[in-house]
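Student: Have a look at this prediction, sequence included:
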Amino acid sequence: MDVHSCARPEEVRLRHVDLDLAADFQRKTLTGSATLHYERLSGGDLRLDTRGLTIHEVEGADGFALGSAHECLGAPLVIRLRGERPVRVHYSTLPSASGLQWLEPEQTAGKRHPFLYTQSQAIHARSWIPLQDSPGVRITYTGRITAPAGMTAVMSAVRQKDGGWRMEHPVPPYLIALAIGDLERREIGPRSAVYAEPPVLDCAAREFEDTEAMIRAVEELYGPYRWGRYDLLVLPPSFPFGGMENPCLTFATPTVIAGDKSLVSLVAHELAHSWSGNLVTNATWRDFWLNEGFTVYVERRVIEKIYGAERAEMEAVLGRRELDREIASLPARDRVLHVDLDGRDPDEGLTLVPYEKGALLLRTIERTVGRERFDAFLRGYFERFAFRSITTAEFLEHVRRDLPTAVPLEQWIEQPEIPDGAAEPHSDAFARIEREGAREARCWSTQEWLYFLRIQEQPDLPQLDREFHFTASGNAEILCQWLQMAVAAGYEPAFGRLEEFLCSVGRRKFVKPLYAELMKTPEGAQRARRIYAKARAGYHPIAQATIDGIVGHPRTES
């Protein structure tokens with residue numbers, strides 16, 4: 001049972017959705033219809049999840065009722081069915097829909113046209129489509145999108161000759177995605193292209209040119225890529241995540257375009273989701289680690305194959321240290337892989353625990369049983385559960401049957417601690433930094449710079465800035481780490497750059513720790529609220545909800 005859905009798919013299960021939507025950038029609404037194809041399993045009504053939708057009409061039904069709204073879950077839409085024929089729901093969205101962000105031209109790279117993009121994970125699809133919004137309910141879909149003249153619409157599906165979109169494989173609703181903007185397209189491989197605004201396209205195509213090599217690397221390890229195309233869409237910087245693994249069309253933040261491919265592990269991560277997450281999916285958000293832990297593990301195997309073992313180990317060490325830092329700030333209930341989210345917004349489960357603790361568990365199993373045997377197991381796992389949504393219990397049953405191991409799986413999954421015997425990563429490059437400091441800094445990678453900054457105990461920030469120009473860094477990862485240190489030390493020369501960064505980037509990974517650091521002092525809290533009052537309108541609703549909780553609702557002072 002999915003506690004985050006009002007649907008009852010055991011009675012009537014949604015199978016396919018045909019979307020026909022028009023985007024109104026003046027009113028900031030999507031208006032149109034969703035034609036719902038379903039299977040009646042035990043009679044009853046068709047129950048759907050909605051949040052903030054205005055339902056105008058339901059064709060082909062004996063009536064409908066919109067229930068009371070829950071703050072997190074939204075309002076159930078109950079449709080009284082007439083028979084077995086599809087029903088068509090005519091509706092429109094709210095400008096404040098949590099799964100949509102409408103951007104003004106000045107918030108884009110090109111400054112010529114507005115922009116719209118969706119973010120449906122975890123339960124935000126219901127804010128722009130009436131459906132059974134549970135990862136355990138997989139559906140196929142088509143989309144026909146009417147966009148303003150001069151703008152291009154793309155979806156997480158295969159483009160059809162008539163201009164529409166079709167996803168022929170059953171996917172969970174959170175993987176339905178739409179974007180509309182001033183977009184151009186460039187091929188970067190035999191089955192990959194980059195979509196981006198014109199000013200970003202050249203650098204994005206260069207940064208992501210290794211995509212085909214990454215696809216082949218995962219195929220060699222874990223079986224064929226099943227989705228046809230693997231394209232990437234570079235979004236405006238307000239996108240709240242690094243990437244989103246929408247099938248056929250990964251959404252990516254421009255903050256990973258560093259000019260040296262040092263941050264393309266994000267592409268490896270979102271590509272890995274084509275197996276772990278999109279092909280085999282968590283059945284509920286309590287099982288989220290099945291998506292992310294597996295994906296981080298596969299991501300690092302891809303990085304190892306393309307860029308070498310040392311790069312993969314550096315990223316694993318950084319991830320492990322960040323996991324320790326985050327665990328120290330979390331209550332025991334949120335340090336559990338099989339996290340209990342009943343009565344909570346599933347976005348609260350978006351910590352590093354499902355990612356890094358989950359990957360560490362898989363790394364430990366690999367060390368215990370051997371890489372060759374573990375790879376064969378994973379390949380069989382993806383094959384057995386392809387296009388299915390599974391629970392943690394089903395995973396455990398599969399492991400016990402196909403890969404008996406001495407690793408205490410229940411302790412890893414159900415307890416907050418990291419058990420003894422974890423397969424800890426190690427980086428020789430980082431060991432050299434600890435021994436020699438910044439002697440070889442001029443040829444360092446992004447990962448080495450991050451490690452160097454994070455091990456500083458009493459840093460001389462003015463001296464470091466004079467020598468390495470961190471405040472002027474164009475690398476978002478390095479800059480964010482530096483700005484956190486600057487805030488903690490009260491390093492005033494970096495505060496102008498801090499404000500510029502927070503007002504131009506909406507990625508939660510960056511803005512969340514910076515606001516949190518600012519709020520630790522009265523002076524910092526005043527600065528945080530002043531900056532947030534300027535920046536909030538440019539953040540995605542998901543990021544707004546996060547930062548609202550850190551600084552409180554934005555105030556009017558400037």
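Tutor: Received the coordinates, thanks. Numbering: from 1, shown residues only.

Student: Can you find the helix or strand of this structure with the lowest average pLDDT?
Tutor: helix 541-551 (a mean of 93; mean pLDDT, DSSP states H and E).

Student: Could you check how far that one is from the centre of its chain?
Tutor: Centre-to-centre, helix 541-551 and its host chain are 16 Å apart (CA atoms, centre = their mean, to the nearest Å).

Student: Identify the residues contacting it?
Tutor: 96-101, 119, 124, 238, 240, 347, 506-508, 511-512, 515-516, 518-519, 525, 528-529, 532, 536, 539, 554 (CB atoms under 8 Å, 6 or more residues apart in numbering). All C-beta atoms are positioned from the backbone trio N, CA, C, and that covers glycine.

Student: Narrow these to just the buried residues.
Tutor: Using 16 or more other CB atoms under 10 Å as the burial test, these include 97-101, 119, 124, 238, 240, 347, 506-508, 511-512, 515-516, 518-519, 525, 528-529, 532, 536, 539, 554 as buried.

Student: So which of the residues you listed belong to helices?
Tutor: Counting by DSSP state H, those place 508, 511-512, 515-516, 518, 525, 528-529, 532 in helices.

Student: Same list, the residues you listed, but as CSV with distance to E310 please.
Tutor: Listed next are those as CSV, based on distance: CB to CB, whole Å:
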residue, distance to E310
R508, 29
V511, 31
K512, 30
Y515, 34
A516, 32
L518, 35
A525, 41
A528, 38
R529, 43
Y532, 39
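
Student: Low-confidence stretches in this structure?
Tutor: 553-558 (pLDDT under 70).

Student: residue closest to the middle of it?
Tutor: Closest residue to the average C-alpha location of the chain: M244 at 4.1 Å, with CA atoms, centre = their mean.

Student: Now do the contacts for it.
Tutor: 119, 121, 177, 250-251, 270.

Student: try 7 Å
Tutor: 119, 121, 177, 250-251 (CB atoms under 7 Å, 6 or more residues apart in numbering).

Student: ok so, going back, and which of the ones in helices among the buried ones among the contacts of helix 541-551 is nearest to V487?
Tutor: Closest approach to V487 among those (CB to CB): L518, at 5.6 Å.

Student: so the closest one makes contact with R530?
Tutor: No: counting by CB atoms under 7 Å, L518 does not reach R530; the two are 10.0 Å apart.

Student: At which residues are the helices of the stretch 201-350 of the chain located?
Tutor: Assigned by DSSP state H, counting those that start in this stretch, the stretch 201-350 of the chain shows helices spanning 211-222, 265-272, 289-307, 309-327.

Student: quick one: the last one to chain centroid distance?
Tutor: Chain-centre distance of helix 309-327: 19 Å, with CA atoms, centre = their mean.

Student: And the contacts of that helix?
Tutor: Against helix 309-327 from outside (CB under 7 Å, 6+ apart): 265, 300, 303-304, 335, 351-352, 356-357, 360, 424-430, 447, 450-451, 454.

Student: Which among the helices of the stretch 201-350 of the chain is found nearest to R51?
Tutor: helix 289-307 (22.1 Å).

Student: what packs against the closest one?
Tutor: Applying 3 or more CB pairs under 7 Å, 6 or more residues apart in numbering; DSSP states H and E, we find helix 289-307 packed against helix 211-222, helix 265-272, strand 280-282, helix 309-327, helix 358-369.

Student: Output that helix in PDB with nothing but the alpha carbons.
Tutor: Written as PDB, here are the backbone C-alpha positions of helix 289-307 (Å, rounded to 0.1, in the frame of the first residue of the first chain):
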ATOM      1  CA  TRP A 289      16.900   3.500  -1.700                       C
ATOM      2  CA  LEU A 290      16.300   0.800  -4.300                       C
ATOM      3  CA  ASN A 291      16.300   3.600  -6.900                       C
ATOM      4  CA  GLU A 292      19.100   5.700  -5.600                       C
ATOM      5  CA  GLY A 293      21.500   3.400  -3.900                       C
ATOM      6  CA  PHE A 294      21.700   1.100  -6.900                       C
ATOM      7  CA  THR A 295      22.100   4.200  -9.200                       C
ATOM      8  CA  VAL A 296      25.000   5.600  -7.300                       C
ATOM      9  CA  TYR A 297      26.700   2.200  -7.300                       C
ATOM     10  CA  VAL A 298      26.200   1.900 -11.100                       C
ATOM     11  CA  GLU A 299      27.200   5.500 -11.700                       C
ATOM     12  CA  ARG A 300      30.600   4.900 -10.100                       C
ATOM     13  CA  ARG A 301      31.200   1.800 -12.100                       C
ATOM     14  CA  VAL A 302      30.600   3.800 -15.200                       C
ATOM     15  CA  ILE A 303      33.000   6.600 -14.100                       C
ATOM     16  CA  GLU A 304      35.600   3.900 -13.400                       C
ATOM     17  CA  LYS A 305      35.200   2.500 -16.900                       C
ATOM     18  CA  ILE A 306      35.300   5.800 -18.700                       C
ATOM     19  CA  TYR A 307      37.600   8.000 -16.500                       C
END
